[in-house]
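**Student:** model the structure of this input:
(2 chains)
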Amino acid sequence: MDAFIELDRVEKVFDVRKKTGFLKRERRQVRAVDSISFSVARGEMVGYIGPNGAGKSTTIKMLTGILTPSGGRLRVAGIDPSRERTRLARRIGVVFGQRTTLWWDLPLIDSYKLMHRMYRIPDERYRENLDRCVELLELGDLLDVPVRQLSLGQRMRGDIAAALLHDPEVLYLDEPTIGLDVISKAKVRGFLRELNTERGTTVLLTTHDLQDIEQLCKRVMVIDHGRLMYDGPLAGLHEIGESERTLVVDLERELPPIEAPGARVVKVEGPRQWLAFPASESAAALVARVAAAYPMVDLSVREPDIEAVIAKMYAEQSEKAVS
Amino acid sequence: MGERSAFAEGLRAYGLIAGMWVRSSMTYRTSFVITMLGNGTMTGLDFVGILLMFSQVDSLGGWSLAEVALLYGLSATAFGIADLVLGSMDVMGARIRDGSFDTLLVRPVPVLAQVGADHFALRRLGRITQGALVLGWSLAAVDVDWSAAKVLLVPVMLVSGAAIFCAVFVAGAAFQILVQDAAEVQNAFTYGGTTLLQYPPSVFGKELVRGATFMLPLAFVNWVPASYVLGRPYPIALPEWAAFASPPVAVACCALAGLAWRSGLRAYRSTGN
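**Tutor:** Numbers count the residues shown, from 1 in each chain, chains lettered A, B, ... in the order given. Sure, this is the predicted structure:
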């Protein structure tokens, strides 16, 4: 399938002025995005991850036409976003995780009615899309509630619905699960999966949460200091980063460190033990092995965090450079 | 999309968004009524200040009370219309600072319409009402030999004046894109401008009057055309037809403000926030 989103050596350079004295100012150039190239096919679901200030949001802003690239070529659905921002707007949906676009003092449904008219969505399509969103995002009881009374998770679901009423071909989500509780996260993820598989909407999401990626995206892109560090499947990222997940086991009583092939104990605290194992391997097999040999009371699995994975990628790269 | 349909699209979006703000403000009915009353009182007191002055003197810079009231009514009404339509553009700096300006840029409607309708508030009708009352009284009270041209000039002044003030609002908003905490600078030109025009030009220095004619042509809101209506000499030497120059001046101001807005928006999109 042809590329739906295409970036060819795209750059974004900001002029940053810093006060260095009463009237003196120092000008410095910051490369927020440094020669990034990638393409996303129609119907793909891609995770775009990286630490704060890595250039994730700047990329999204260029893709939506909010910012004009300083260099390179960028196309979304064949359109140059910064030149034809308004035309592109009808074909894209955007959810900014920390900023709601809903009307604070009005019932949720009023925000949807505004979208209906602002995007000139045909009545039939609007009804269908609204019904589907209401059902899948469980918004039925919330439609008549003023937005200011919604919880963070409810508002996020409301915002996602608002971004989808006009049938966008691509949906950009900037930190869609930030600050949400476990149940809300699960609802949002379930909905996005359905949207992508059933309706074929292309989805690009930025996140801090590796679990978002794990549960949703086959493909992940890592950006840091404005550069694309990795583009490929999540498993490959784990291999490169040699990242490890942690199995936390609560035993019935204090015991010597657990011996299990493929895992090593990193910490023991009374009856609780921490086992590290490669993130690319299944936790189920390890859990079965431990459960068979030890009196286990409880367990949990901790994912590696993105900062750790990236730090390892860096270490690896500089090692290669030295040798 | 052609220019004309973009304009129609903008008006439609403006209406939709303004409607949402009106409904939002109606959710706090008591607060709405109180601010409405407060606003009416405040603007009402505004003219009382001028009345008090005339209780001590018979004329201000050679202008009678009815004549000053004419200036006041024209300026306050024209400004009131602009303030109702675009008066919240000074919140734009705040929107840029908190990042919510970005959410306006991903909508399929003109940004200017969205920013213009932002925080649309019906309480601003108070200022128009008060200005119109003063204007109505002054028109009855001034000693003028009404000709067709003079009668025509009154609505022309209001429409052109409102357009000139609108241009100042838009230009100020464009300036705020570059300097985000400049809301007070904008207020100096908008609120400051209307206050300036409520007094006869003869009480100000020639330099200020010249600046208000040629630099920021506020004089065409009322000073110049109202002088013609009242049969007074123009505040500075201008040909007689200058009284009828308000509409083209307003069009030029709006065009310049539109260009300023465009380049401001372009600067935002290439520098980010």
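
**Student:** need the contact list for B:A226.
**Tutor:** Residues in contact with B:A226 (C-beta atoms under 8 Å, 6 or more residues apart in numbering or on different chains) are B:70-71, B:74, B:157. Every residue, glycine included, has its C-beta placed from N, CA and C.

**Student:** give me the buried stretch members for stretch B:121-131, please.
**Tutor:** B:121, B:123-131 (16 or more other C-beta atoms under 10 Å in any protein chain shown).

**Student:** check the residues you listed and tell me the two furthest apart.
**Tutor:** Within the buried residues of stretch B:121-131, B:A121 and B:G131 form the most distant pair, 16.6 Å apart (C-beta to C-beta).

**Student:** export the contacts of B:A226 to a markdown table and append columns for secondary structure and pLDDT.
**Tutor:** Listed next are those as a markdown table, based on DSSP: H, G, I helix; E, B strand; the rest coil; pLDDT from 0 to 100:
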| residue | secondary structure | pLDDT |
| --- | --- | --- |
| B:L70 | helix | 97 |
| B:L71 | helix | 96 |
| B:L74 | helix | 97 |
| B:M157 | helix | 97 |
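
**Student:** could you redo those as JSON lines and give each row neighbour count?
**Tutor:** Formatted as JSON lines, the contacts of B:A226 follow (neighbours: other C-beta atoms under 10 Å in any protein chain shown):
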{"residue": "B:L70", "neighbour count": "26"}
{"residue": "B:L71", "neighbour count": "26"}
{"residue": "B:L74", "neighbour count": "28"}
{"residue": "B:M157", "neighbour count": "27"}
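
**Student:** just give the closest residue to the one residue in the stretch 101-250 of chain B that gets nearest to chain A, not the sequence neighbours.
**Tutor:** The nearest approach of the stretch 101-250 of chain B to chain A comes at B:P108, 3.9 Å away (C-beta to the nearest C-beta). Residue nearest to B:P108 in three dimensions, not counting chain neighbours: A:A89, with 3.9 Å by C-beta to C-beta, 6 or more residues apart in numbering or on different chains.

**Student:** which ones are touching the one you found?
**Tutor:** Here A:A89 is in contact with A:64-65, B:106-108 (C-beta under 8 Å, 6+ apart).

**Student:** which one of those residues is nearest A:G93?
**Tutor:** The closest of the contacts of A:A89 to A:G93 turns out to be B:V106 (C-beta to C-beta; 8.6 Å).

**Student:** count the neighbours of that closest one for me.
**Tutor:** Look at B:V106: counted by other C-beta atoms under 10 Å in any protein chain shown, it has 22 neighbours.

**Student:** just the one 10 residues further on next, same as before
**Tutor:** The tally of other residues near B:G116 (other C-beta under 10 Å) stands at 24.

**Student:** where's it relative to B:V91, distance?
**Tutor:** Counting by C-beta to C-beta, to the nearest Å, the gap from B:G116 to B:V91 is 11 Å.

**Student:** wait, what's in contact with the nearest residue to A:R91 once chain neighbours are set aside?
**Tutor:** Spatially, and ignoring its direct neighbours in sequence, A:R91 is nearest to A:E169 (5.1 Å; C-beta to C-beta, 6+ apart). A:E169 sits next to A:4, A:42, A:77, A:91-92, A:201-202 when contact means C-beta under 8 Å, 6+ apart.

**Student:** which of those count as buried?
**Tutor:** Neighbour counting by 16+ other C-beta under 10 Å classes A:4, A:77, A:92, A:201-202 among the contacts of A:E169 as buried.

**Student:** just those: which are in strands?
**Tutor:** Secondary structure defined by DSSP state E assigns A:4, A:92, A:202 of the buried ones among the contacts of A:E169 to strands.

**Student:** quick one on the thing from earlier: in TSV: the buried residues of stretch B:121-131, plus distance to chain A.
**Tutor:** Listed next are those as TSV, based on distance: C-beta to the nearest C-beta, whole Å:
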residue	distance to chain A
B:A121	13
B:R123	16
B:R124	19
B:L125	20
B:G126	22
B:R127	24
B:I128	25
B:T129	26
B:Q130	28
B:G131	30
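
**Student:** can you pull the contacts of A:Y294?
**Tutor:** A:249, A:251, A:255, A:258.

**Student:** closest one to chain B out of the residues you listed, please.
**Tutor:** Nearest member of those to chain B, counting by C-beta to the nearest C-beta, is A:V249, at 43.4 Å.

**Student:** in what helix or strand does the closest one lie?
**Tutor:** strand A:244-251 (DSSP states H and E).

**Student:** if you count contacts, what does that strand end up packed against?
**Tutor:** strand A:272-278, helix A:283-293, strand A:296-302 (3 or more C-beta pairs under 8 Å, 6 or more residues apart in numbering or on different chains; DSSP states H and E).

**Student:** partners of the first one in the sheet?
**Tutor:** Put plainly, it is strand A:272-278. Sheet partners assigned to strand A:272-278 using DSSP bridges are listed as strand A:244-251 (antiparallel), strand A:264-269 (antiparallel).

**Student:** what's next to the last one, contact-wise?
**Tutor:** So that's strand A:264-269. So strand A:264-269 is contacted by A:246, A:257-258, A:273-277 (C-beta under 8 Å, 6+ apart).

**Student:** show me the contacts for the residue in the stretch 101-250 of chain A positioned nearest to chain B.
**Tutor:** Going by C-beta to the nearest C-beta, chain B is nearest to A:D105 of the stretch 101-250 of chain A, at 4.3 Å. Counting by C-beta under 8 Å, 6+ apart, A:D105 touches A:146-148, B:24, B:27-28.

**Student:** kindly give a single PyMOL line that selects the buried subset of the residues you listed.
**Tutor:** The following PyMOL line selects those of the contacts of A:D105 that are buried, judged by 16+ other C-beta under 10 Å:
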select buried, (chain A and resi 146+147) or (chain B and resi 24)
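
**Student:** tell me the buried residues in the helix or strand hosting B:P248?
**Tutor:** Following DSSP H and E, one finds B:P248 within helix B:246-271. For helix B:246-271, a neighbour-count test (16+ other C-beta under 10 Å) marks B:246, B:249-250, B:253-254, B:257, B:260-261, B:264-265, B:268-270 as buried.

**Student:** these: which ones sit near chain A?
**Tutor:** Contacts with chain A within the buried residues of helix B:246-271, as defined by C-beta under 8 Å from any C-beta of the partner chain: B:269-270.

**Student:** chain B contacts on chain A?
**Tutor:** For chain A, the residues in contact with chain B (C-beta under 8 Å from any C-beta) are A:12, A:14-15, A:32, A:58, A:61, A:64-68, A:70, A:82, A:85-87, A:89-90, A:92, A:94, A:96, A:99, A:101, A:103-106, A:110, A:114, A:117-119, A:146.

**Student:** quick check: which ranges of chain B have low pLDDT?
**Tutor:** B:1-4, B:272-273 (pLDDT under 70).

**Student:** can you name the residues of it sitting close to chain A?
**Tutor:** Taking C-beta under 8 Å from any C-beta, the part of chain B that reaches chain A is made up of B:1, B:13, B:16-17, B:20, B:23-24, B:27-28, B:98-100, B:102-103, B:105-110, B:266, B:269-272.

**Student:** in strands only, show me the residues you listed.
**Tutor:** Judged by DSSP E, strands contain none of the residues of chain B next to chain A.

**Student:** what about the helices in chain A?
**Tutor:** A:56-63, A:85-89, A:108-118, A:123-136, A:152-164, A:182-199, A:210-216, A:234-241, A:283-293, A:306-322 (DSSP state H).
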